[in-house]
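In: After the sequence you'll find the predicted model.
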Amino acid sequence: MGTSIREKYCYRISSLKMLIRFYLLLMPVLLLPEICAANATNVLRVGKGQSYGSIKAAIAASSHGDTVIISAGLYQEGNIIIDKSIFIQGEGKPILDGQLKFEILSVKANHVTIKGLVLKNSGRSAMDDPGAIKVYDASNVLIEGNTLLDNYFGVYLQYSKNCIVKNNFIRATQLLEHQSGNGIHCWKSDSLQIIGNKTYGHRDGIYFEFVTHSIIWRNLAYNNLRYGLHFMFSNDNAYISNLFKNNGAGVAVMFTKKVVMINNSFEDNLGDAAYGLLFKEISDCYLSGNKFIRNTTGIFFDGSNRIIIERNIFKENGWGMRLQANCMDNVIQLNNFLGNTFDMATNGSLTLNMFSENYWDKYQGYDLNRDKIGDVPYHPLSLYAVIVEQNPPAMLLYRSFMVNLLDQSEKLSPSLTPENFVDNKPSMAPHNL
């Protein structure tokens, strides 16, 4: 098992490097709408005292490659359809108000840029999913530096390719999940970049379904009703340097393969069924440099296989990691487990995963040869964690004298915890992560 996993690990690192190079090469192409608009000769101005009194009139009069500049003010024009390759720029944060009735901007052309607008109060409908900005079957669309307030969906991309959603502030104030759509919703799309956005108060901060070859980078998703990030059936994507904080649950990854997650933070995602990260039915993924801090559960694995989890920090969680018995061929190595109530939990007796060189702050072994590796193997699964997994009400007895006695007895002579649930090379000191 070890050799094949190591080979796959090296292959995934190589694939990650290729992915990053791919996005660097792709960047000039994705920024093409902005470049074209900047060189446009025809500028149409909208607003009081300008050539056009409405946005719709300016768009109707424009040609491909033109720039439409919208002056400060309030615009209530219903649904505005962008069917030409134009650059739309707000000056002084003009407000486009959907009056809780209309989808505000519908993008139906390639090479469109939308910048500097405030869009609020889109219509609400579970039938057609209206949004503040909705992109229909278009490519090379740039949505940057906008403020989206109290919309049903914020930015919605469907059948889209090579689009950028960057540095937008997206906030909703609905109180129930069924009253709200997602902050950034992407469906059946490819080669997207979701960069530097703040999503607050939506059902899901960011949602991917059937999305491939895309990157989510430097976003902040907090106080969302369900998930900070939720993606399903979305393969070959990278999630780098994002913060998921105080959501109903942090991130849910379902029915997906070949995902890279690096340097993300999962913090304060608390509740009866909350977790920093949920992996359900996924495979061939790589996690490194992530921080799981003060979550009910740091990571919950269910039916997930061939995953490398290395150089992550699990700190002050209820459960650092819950690894169900239907998971196999996962490698958990070089991580720090600090101050968690339970470092590990599982629901079965068979373990087909590998632990190596993790730092466990509960480890009480010794290092006689001073190689910084404990001479005594460490069993991170406590007896009480097994009991609580099978009988949750038993958590009421946590920290009692009898529970401590049971755990100490199990460490001396393991009998009820899985024998192969073990780190044979525990680190004596925390890794410098």
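Out: Yes, it's here. Numbering: from 1, shown residues only.

In: Which is the succeeding secondary structure element to the lowest-mean-pLDDT helix or strand in the chain?
Out: Lowest mean confidence among the helices and strands of the chain (mean pLDDT, DSSP states H and E): helix 32-38, at a mean of 44. Next helix or strand after helix 32-38 toward the C-terminus (DSSP states H and E): strand 43-46.

In: And the helices in the stretch 1-150 of the chain?
Out: 2-30, 32-38, 55-61 (DSSP state H, counting those that start in this stretch).

In: residues of the last one that come out buried?
Out: In terms of neighbour count (16 or more other Cβ atoms under 10 Å), helix 55-61 has its buried residues at 55-56, 58-59. Heads up, the C-betas are built off the backbone N, CA and C, glycines and all.

In: Quick one: list the elements packing against that helix.
Out: For helix 55-61, the packing partners by 3 or more Cβ pairs under 8 Å, 6 or more residues apart in numbering; DSSP states H and E come out as strand 43-46, strand 67-70, strand 80-82.

In: packing partners for the second one?
Out: Secondary-structure packing of strand 67-70 (3+ Cβ pairs under 8 Å, 6+ apart): strand 43-46, helix 55-61, strand 87-90.

In: now, of the helices and strands packed on helix 55-61, which is deepest in the fold?
Out: When the helices and strands packed on helix 55-61 are scored by mean count of other Cβ atoms under 10 Å, the highest mean neighbour count falls to strand 67-70 (a mean of 23).

In: Tabulate the CA atom coordinates of that strand in PDB.
Out: Extracted C-alpha coordinates of strand 67-70, given in PDB (Å, rounded to 0.1, in the frame of the first residue of the first chain):
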ATOM      1  CA  THR A  67     -17.400  51.300 -22.700                       C
ATOM      2  CA  VAL A  68     -20.500  52.200 -20.700                       C
ATOM      3  CA  ILE A  69     -19.800  54.400 -17.700                       C
ATOM      4  CA  ILE A  70     -22.600  54.700 -15.200                       C
END
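
In: Contacts for that strand next, please.
Out: Residues external to strand 67-70 that are found in contact with it (Cβ atoms under 8 Å, 6 or more residues apart in numbering): 37, 40, 42-47, 55, 58-59, 62, 86-91, 94, 117.

In: Partner strands of it, with direction?
Out: strand 43-46 (parallel), strand 87-90 (parallel) (DSSP bridges).

In: Now mean pLDDT too, for those, in TSV please.
Out: Shown next, in TSV, are the strands paired with strand 67-70 (pLDDT from 0 to 100):
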stretch	mean pLDDT
strand 43-46	97
strand 87-90	97
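
In: residues contacting Gly141?
Out: To be clear, residue 141 is Val; Gly isn't right here. Val141 neighbours (Cβ under 8 Å, 6+ apart): 33, 107, 110-114, 135, 157, 160, 163-164.

In: Now do the same for it: its pLDDT.
Out: Here, the pLDDT recorded for Val141 equals 98.

In: List the contacts of the nearest residue to it once chain neighbours are set aside.
Out: Distances taken as Cβ to Cβ, 6 or more residues apart in numbering place Cys163 nearest to Val141, at 4.4 Å, with adjacent residues excluded. By Cβ under 8 Å, 6+ apart, the contact set of Cys163 is 30, 135, 138-143, 157, 189, 192-193.

In: Just want the phi and psi numbers for Cys163.
Out: Torsion angles at Cys163 (phi, psi; degrees, to the nearest 10) stand at phi -110, psi 150.

In: Where does the closest residue to Val376 other than its chain neighbours sit: helix, strand or coil?
Out: Leaving aside its sequence neighbours, Val376 sits nearest to Gly365 (Cβ to Cβ, 6+ apart; 3.8 Å). Under the three-state scheme (DSSP: H, G, I helix; E, B strand; the rest coil), Gly365 adopts coil.

In: Let me know how buried Gly365 is, in neighbour terms.
Out: 13 (other Cβ atoms under 10 Å).

In: Contacts only, for it.
Out: Counting by Cβ under 8 Å, 6+ apart, Gly365 makes contact with 374-376, 378, 426, 428.

In: In ChimeraX, select just the buried ones from the residues you listed.
Out: Entered in ChimeraX, the line below selects the buried ones among the contacts of Gly365, by 16+ other Cβ under 10 Å:
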select :374,378,426
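
In: ok, back up a step: I'd like to know which of the helices and strands packed on strand 67-70 is closest to Trp360.
Out: Closest approach to Trp360 among the helices and strands packed on strand 67-70 (Cβ to Cβ): strand 87-90, 53.0 Å.

In: returning to what we had before: compare the mean pLDDT across the helices of the stretch 1-150 of the chain and name the weakest.
Out: helix 32-38 (a mean of 44).

In: picking up where we left off before, is it possible to export the helices and strands packed on strand 67-70 to JSON lines including distance to Asn121?
Out: Putting the helices and strands packed on strand 67-70 into JSON lines (distance: least, Cβ to Cβ, whole Å) gives the following:
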{"stretch": "strand 43-46", "distance to Asn121": "20"}
{"stretch": "helix 55-61", "distance to Asn121": "16"}
{"stretch": "strand 87-90", "distance to Asn121": "17"}
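
In: Out of the ones you listed, flag the one nearest Lys198.
Out: Once the helices and strands packed on strand 67-70 are compared by Cβ to Cβ, strand 87-90 is nearest, at 18.0 Å.

In: Please identify the buried residues of stretch 425-432?
Out: 425-427, 431.

In: actually stretch 98-111, not the one I typed
Out: Neighbour count says stretch 98-111 has 98, 102-107, 109-111 buried, by 16+ other Cβ under 10 Å.

In: which intervals of the protein have sub-threshold pLDDT?
Out: 1-41, 350, 383-418 (pLDDT under 70).

In: Give me the phi and psi for the residue of it positioned farthest from its centre.
Out: Distance from the C-alpha centroid of the chain peaks at Gly49, with 44.5 Å (Cα atoms, centre = their mean). Main-chain dihedrals, Gly49, degrees, to the nearest 10: phi 80, psi 0.
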